[in-house]
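Asks: Next comes the sequence, and after it the predicted model I'd like to discuss.
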Amino acid sequence: MHFAADCDEVHMTTRLSRDKMRFLPFNRGSHPGAVRCGAANPKHPSGYRSGYFWGEVLQRARFLNIVGSLIFVENRNEKVYDSNGVARNVKRETVVFPRYHQLDAVARLVYAARSDGAGHNYLVQHSAGSGKTNSISWLSHRLASLHTASDDKVFDCVVVITDRRLLDRQLREAIYQIEYAQGVVKAIDTDSQQLAQALADGTMIVITTLQKFSFVMRRLLSMASAEVDSPSAAEARQAEQWRHQIAGRRYAVIVDEAHWSQRGESAREMKAVLGSGSQAARADALDTEDAGYWEDSLNAMVESRGAQPNLSFFAFTATPKAKTIELFGRVGASGKPEPFNVYSMRQAIEDWFILYVLSNEIDCDSYFRLEKQAEKDKDFPTRRTARALTKFITLHEYNLAQKTEVTIEHFRNQVKHRSASRPTR
């Protein structure tokens, strides 16, 4: 590791490579924990804005913990082009060291989970460009081995859920590379029985997609209740045994923001099966009418049923809704609920991890008119109807064709000649 520090800022790199070298910011942010937080650092009691670096990060116990638990070597394949435009795959190794907000978020979440125990929720508001994949990977390993002061395990199993195959693969690779040991991490890549066994046995970290998880939960419930698929007596006994084992364990469920767009059925099934509440409560969770998107349904469940004593949610999102902050946030100095940890979009932009797209925004307004056939129609709730109509208009073939034409013509006439040439195949 190489650090470059002055009295105000700290930057880091894991590789010295002359003109290809890039130092990444290792700063706390101008207003740590605030949505308006920008780059750089606030004032420090030492008199130097970078005083946190040697006063906190470089302390012996803290830095040894970073070296032993967080640094890992990332292996990835990159496609490169030679002078003739021929592509070939090159394997590259990169030492990964956490940025300050990742280090801070993982440390705070681990400390809170150890102090609070199971049954609590944590909202992590990290912008795009924050490195959530690595943050989730580090957090999953720390929670899987977390013990209380009396040496009792806080969580029996950590479930990492994603709904995109690409992210699922990225998470698997990142989690495996941090610390791979036989039986510690299990990626669900075959069938429902594999996931059910992983949730019930001693597997410490389970990585799965929301679709697989949803399918398994429906299968377990139907087999245990013998309502669907006419399970055999042996299957019913096995499913009931799994259900009791699952409900008797403590779970940390890490959810990425990609799932906010999912419908509520999968979310209700997840909490209904992993939760240790009554059978009636689980049935109520499954029978609740779909109120909209995943986030709305999750909020409704938490509000109506309260926290589950054996289930903690660690939700990562860049843009939480007000209701999500209300239910999952912690009361801050303002007296209002706030996210547990924040890495703002403003800081990500000023740190040059994402671009400020609005700086070159071109407005393109859409106009439409709907004919109303009835003043009041109880069969069509206003909110859901407006959402459905807007979706229909936005995704209509004609509308998409018009937007595509405008975008392509603008690129051909205004942007293409400004782009640096590169070989394509």
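Replies: Right, received. Where do you want to start?
Asks: Now do the closest residue to residue 33 other than its chain neighbours against residue 352, distance only.
Replies: Excluding its sequence neighbours, the residue lying closest to residue 33 (Cβ to Cβ, 6 or more residues apart in numbering) is residue 342, at 5.5 Å. The C-beta positions use only the backbone N, C-alpha and C, and glycine is treated the same way. Distance, residue 342 to residue 352, using Cβ to Cβ, to the nearest Å: 19 Å.
Asks: between the two, who's got more neighbours?
Replies: Neighbour count, other Cβ atoms under 10 Å: between residue 342 and residue 352, residue 342 has more, with 24 against 12.
Asks: Looks to me like the more buried one is in a strand.
Replies: Yes - if the criterion is DSSP: H, G, I helix; E, B strand; the rest coil, then residue 342 is within a strand.
Asks: in the sheet, who's paired with it?
Replies: residue 125 (DSSP bridges).
Asks: tell me the strands in the protein, going along the chain?
Replies: 2-5, 10-13, 24-25, 72-81, 87-96, 121-126, 157-162, 185-187, 205-209, 251-255, 311-317, 330-331, 337-338, 341-343 (DSSP state E).
Asks: where are the low-confidence patches of the stretch 51-200 of the chain?
Replies: For the stretch 51-200 of the chain, the stretches flagged by pLDDT under 70 are 163-184, 188-193.
Asks: Now do the residue nearest to residue 33 against residue 37, distance only.
Replies: 7 Å.
Asks: low-confidence ranges in the stretch 251-400 of the chain?
Replies: Using pLDDT under 70, the stretch 251-400 of the chain drops low at 257-307, 362, 364, 366-380.
Asks: Recalculate using a threshold of 80.
Replies: Scanning the stretch 251-400 of the chain for pLDDT under 80 picks out the ranges 256-308, 327-328, 357-386.
Asks: on that earlier part again, any idea which of the strands of the chain is most buried?
Replies: Across those, averaging neighbours per residue (mean count of other Cβ atoms under 10 Å) puts strand 341-343 on top, at a mean of 26.
Asks: Against which helices or strands is that strand packed?
Replies: helix 100-116, strand 121-126 (3 or more Cβ pairs under 8 Å, 6 or more residues apart in numbering; DSSP states H and E).
Asks: swap the cut-off to 10 Å and go again
Replies: In terms of contacts (3 or more Cβ pairs under 10 Å, 6 or more residues apart in numbering; DSSP states H and E), strand 341-343 is packed against helix 100-116, strand 121-126, helix 132-144.
Asks: Please produce CSV containing the ones you listed, extended by distance to residue 53.
Replies: CSV is the format used below for the helices and strands packed on strand 341-343 (distance: least, Cβ to Cβ, whole Å):
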stretch, distance to residue 53
helix 100-116, 9
strand 121-126, 21
helix 132-144, 20
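Asks: for these, which one sits closest to residue 151?
Replies: helix 100-116 (11.7 Å; Cβ to Cβ).
Asks: just checking, residue 204 touches residue 185?
Replies: Yes - the criterion here is Cβ atoms under 10 Å, and residue 204 meets it with residue 185 at 7.2 Å.
Asks: and this structure, what are its domains?
Replies: As given by automatic domain parsing, the domain ranges for the chain are 96-350, 363-418.
Asks: Now do the end-to-end distance for the first one.
Replies: End-to-end distance of domain 96-350: 21 Å, with Cα to Cα, to the nearest Å as the criterion.
Asks: i'd like the first residue to be 48 from this point on
Replies: Yep, numbering from 48; the last one is domain 143-397 now.
Asks: what's the distance between residue 122 and residue 279?
Replies: 45 Å.
Asks: again with residue 397
Replies: Taken as Cβ to Cβ, the span from residue 397 to residue 279 is 61 Å.
Asks: Who has more neighbours out of these two?
Replies: residue 397 (19 against 11).
Asks: pLDDT value on the nearest residue to that one once chain neighbours are set aside, please?
Replies: Among residues not flanking residue 397 along the chain, residue 86 sits closest, at 3.7 Å (Cβ to Cβ, 6+ apart). For residue 86, the pLDDT comes out at 92.
Asks: residues in contact with residue 86?
Replies: Residue 86 sits next to 56, 72, 74-77, 393-399 when contact means Cβ atoms under 10 Å, 6 or more residues apart in numbering.
Asks: Provide a ChimeraX selection command restricted to the buried entries of the residues you listed.
Replies: Listed next is the ChimeraX selection for buried residues among the contacts of residue 86, using 16 or more other Cβ atoms under 10 Å:
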select :56,72,74,75,76,77,393,394,395,396,397,398
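Asks: can you put the contacts of residue 86 in TSV and add distance to residue 94?
Replies: Putting the contacts of residue 86 into TSV (distance: Cβ to Cβ, whole Å) gives the following:
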residue	distance to residue 94
56	15
72	21
74	17
75	16
76	19
77	17
393	26
394	23
395	28
396	29
397	24
398	24
399	28
